[in-house]
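Chemist: The sequence and its predicted three-dimensional model are supplied below.
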Amino acid sequence: MLALIAGTGDLPPALIARLPQRPLICGLEGFRPTVTPDLTFRIERLGSFLNDLRSKGVTEVCMAGAVTRPAIDPSAIDDATKPLVPIIMQAIAQGDDGALRAIIGIFEDAGFLVKAAHEIAPDLLPPAGILGQMPVTIDHRQDAVTAEKTIAEMGRVDVGQACLVRNGRVLAREAQAGTDAMLAQFAPSGDPLWAAVDGLGSVLGGAAEWLSGEGGDPVDARGAILFKAPKPGQDRRADLPVIGPQTVQGAAAAGLFGIVIEAGGVMVLDLDQVIASADAAGLFLWVRPKGGA
């Protein structure tokens with residue numbers, strides 16, 4: 001029997017829809033998933049939760065969806081969890097991938113097989129190539145090379161799986177808040193400054209550098225690409241990157257030219273809708289092999 005430990009976002013329901021039998025849906029208290037959990041648990045009672053899974057006949061576990069690091073109340077730790085406290089504390093002190101590896105290790109040591117979301121639903125990994133109608137320019141191919149190197153650098157400190165690049169310049173790196181939040185900071189909000197940028201750009205033409213704010217931070221990201229890929233060496237059984245229609249909406253609102261994802265390393269929710277939305281917005285969607293040109 002499979003237990004799905006569901007976080008927030010659209011990935012958990014997408015997995016459930018693809019499974020022949022409904023899994024036992026579990027949720028971490030404080031992080032309400034979009035599907036109704038059969039069982040909720042607190043990190044302070046993780047040991048008891050593992051015992052509950054065994055008693056229900058669970059042999060496999062899949063972690064899917066977004067969950068941030070919970071605060072721990074030492075007074076709420078039960079006896080079954082006390083032996084796990086050193087591992088849990090070590091996990092919380094590490095970066096994202098390190099924390100997930102530690103938690104996966106706890107489940108494996110307890111006798112559960114931890115399965116990746118893309119193992120359950122391999123169709124969530126799209127084929128390599130340029131999907132949709134919009135072409136990829138030479139400049140954007142070069143930006144993808146820069147972006148791949150940037151993700152590798154970010155991976156060394158175990159933070160983030162996405163970045164924005166334009167003309168060889170990294171405009172933004174994904175932080176704890178995620179890709180949507182990174183894109184949202186570049187979406188126009190009706191401020192007159194946006195119209196002023198448009199006007200000045202049309203006067204200066206292609207020779208002009210994009211306007212920058214204080215400290216050289218870009219005012220906008222128009223013409224950039226969104227690049228998303230797993231961290232190098234990441235344990236892909238949890239936290240594999242995901243994009244969906246909302247990602248396309250955010251990219252279009254920010255004025256990007258396209259989205260590049262690593263082939264075999266990024267899941268796509270509702271691929272047909274993503275391609276259609278990208279085409280409608282004039283964005284390219286490139287599923288790029290790692291190290292590709």
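Modeler: Cool, the structure landed. Quantities reported herein were computed from a predicted structural model and do not represent experimental measurements. Residues are numbered from 1 along each chain as shown.

Chemist: For the rest of this, base every contact and every neighbour count on C-alpha atoms.
Modeler: Noted.

Chemist: Could you list which residues are in contact with residue 236?
Modeler: Residue 236 makes contacts with 116, 230, as judged by CA atoms under 8 Å, 6 or more residues apart in numbering.

Chemist: switch to 10 Å and redo it
Modeler: When contacts are counted by CA atoms under 10 Å, 6 or more residues apart in numbering, residue 236 touches 97, 100-101, 115-118, 230, 265-266.

Chemist: Widest-spaced pair of the residues you listed?
Modeler: 101 and 266 (18.6 Å; CA to CA).

Chemist: what separates residue 285 from residue 256, distance-wise?
Modeler: 11 Å (CA to CA, to the nearest Å).

Chemist: which neighbours do these two share?
Modeler: 225-226, 248.

Chemist: just checking, which of those residues belong to helices?
Modeler: Among the shared contacts of residue 285 and residue 256, the ones falling in helices (DSSP state H) are residue 248.

Chemist: Top of the shared contacts of residue 285 and residue 256 by number of neighbours, please.
Modeler: residue 225 (29 neighbours; other CA atoms under 10 Å).

Chemist: May I have the beta-bridge partners of that one?
Modeler: Taking DSSP bridges, one obtains residue 165, residue 258 as the residues bridged to residue 225.

Chemist: That one: what's it in contact with?
Modeler: Neighbour list for residue 225: 140-141, 143-144, 147, 163-167, 170-171, 251, 255-260, 283-285 [criterion: CA under 10 Å, 6+ apart].

Chemist: Tell me which of the residues you listed fall in helices.
Modeler: Among these, the members falling in helices (DSSP H) are 140-141, 143-144, 147, 251.

Chemist: Can you give me the buried ones in stretch 277-292?
Modeler: 277-279, 281-289 (16 or more other CA atoms under 10 Å).

Chemist: ok but residue 70 is inside a strand, no?
Modeler: No. Counting by DSSP: H, G, I helix; E, B strand; the rest coil, residue 70 is not part of a strand but coil.

Chemist: burial of the nearest residue to it once chain neighbours are set aside, as a residue count?
Modeler: Nearest-residue entry for residue 70: residue 43, 7.6 Å, with adjacent residues in sequence omitted and distances by CA to CA, 6 or more residues apart in numbering. Residues near residue 43, counting by other CA under 10 Å, number 20.
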